[in-house]
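> Need a 3D model of the following:
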Amino acid sequence: MKAILVTGGGSGIGQAVARLFAAHGWRVGLADIDQQALATTAAMLPHEKTSTHVMDVRDASEWEHVLAEFTATTGGRLDVLFNNAGIAAGGPFADIGVEVLDRVIDVNFRGVAYGARLAYPYLKATPGSCLLNTASASAIYGSAGLAAYSATKFAVRGLTEALDAEWARDGIKVRDLQPAFIDTNLLSIGVAGSNRTARDAVVDAGLEFTPVEVVAQAAWDAVHGDRLHSPVGKTARRLTFAARWMPGRLRKMMRSRALG
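Have a look, this model is predicted:
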């Protein structure tokens, strides 16, 4: 039986991906810092094929423990590590507290890097395995008002590209998802210097939300396909096109939006 470990599995994209892979008969390990959220997602999945693991992705020792614990239930298999846990912080970069900046960097990149590094032996030992990282449409072009988040997602994109080359000889596929705006708890973050949320900003800009089910299908396709980066949603696809073919126009548009 194939096995996937999903970080950030308690809600949002992680929950949707867990449900889809479980529906295809996979064993699913759910990892999240929120124990109650883990229980909620686990209740949606087949009990005999699901395990839950409370984990802070910023802690390397917790990664080691959870990977060993999960693979003990799979006979050593790790077909997919879905490196998905992430947080956001919105508002002008100059207004973001240093402690918030540290947390965004630690969860969004340190956690992903730890996952990749510590999962490597398990992925290498599993034929046809895949490391799947959640990047963002903000990794296609830097997003004003989400500078810290965007920077960490660029780092995830860079790590994906580097490991795709490094690990090809080991038979490990490395992929990332670049979803646009998803209406999950991530967008409930407050915008620094205001009483608004990131979701309010998306709605005011007239941008669309991409259903988590669409992202889950993109995850399935990424694991089973050969595409390195998978933009998900209209906004992500438009950004990809503009960044490649109209970079000057895209820069002007982004600066115009930032200036209001």
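
> For the nearest residue to Val212 once chain neighbours are set aside, give me its contacts.
With CB to CB, 6 or more residues apart in numbering as the criterion, Val212 has its nearest non-adjacent residue at 3.9 Å, and that residue is Ala16. Yep, even glycine has a C-beta here, placed from its N, CA and C like the rest. By CB atoms under 8 Å, 6 or more residues apart in numbering, the contact set of Ala16 is Val212, Glu213, Val215, Ala216.

> Confirm that Ala16 lies within a strand, as I assumed.
No: assigned with DSSP: H, G, I helix; E, B strand; the rest coil, Ala16 falls outside any strand and is helix.

> Can you name the residues that contact Glu64?
By CB under 8 Å, 6+ apart, the neighbours of Glu64 are Leu118.

> Give me the mean pLDDT for the helix or strand harbouring it.
Assigned by DSSP states H and E, Glu64 belongs to helix 60-71. On average, the pLDDT along helix 60-71 is 98.

> returning to what we had before: which one in the contacts of Ala16 is the model shakiest on?
Looking at the contacts of Ala16 by pLDDT, the weakest one is Val212, with 91.

> In this structure that residue contacts Ser11, no?
No: counting by CB atoms under 8 Å, Val212 sits too far from Ser11 to count as a contact (9.2 Å).

> Show me which of those two is the more surrounded one.
Between Val212 and Ser11, counted using other CB atoms under 10 Å, Val212 has the larger neighbour count: 21 against 18.

> Would you list the phi and psi of that one?
Taking degrees, to the nearest 10, you get phi -60, psi -30 for the backbone angles of Val212.

> Contacts only, for it.
Gly12, Ile13, Gln15, Ala16, Ile182, Thr184.

> try 10 Å this time
11-17, 19-20, 179, 182-184 (CB atoms under 10 Å, 6 or more residues apart in numbering).

> Of the residues you listed, which is the nearest to Asp164?
Nearest to Asp164 among those: Pro179, at 18.9 Å, using CB to CB.
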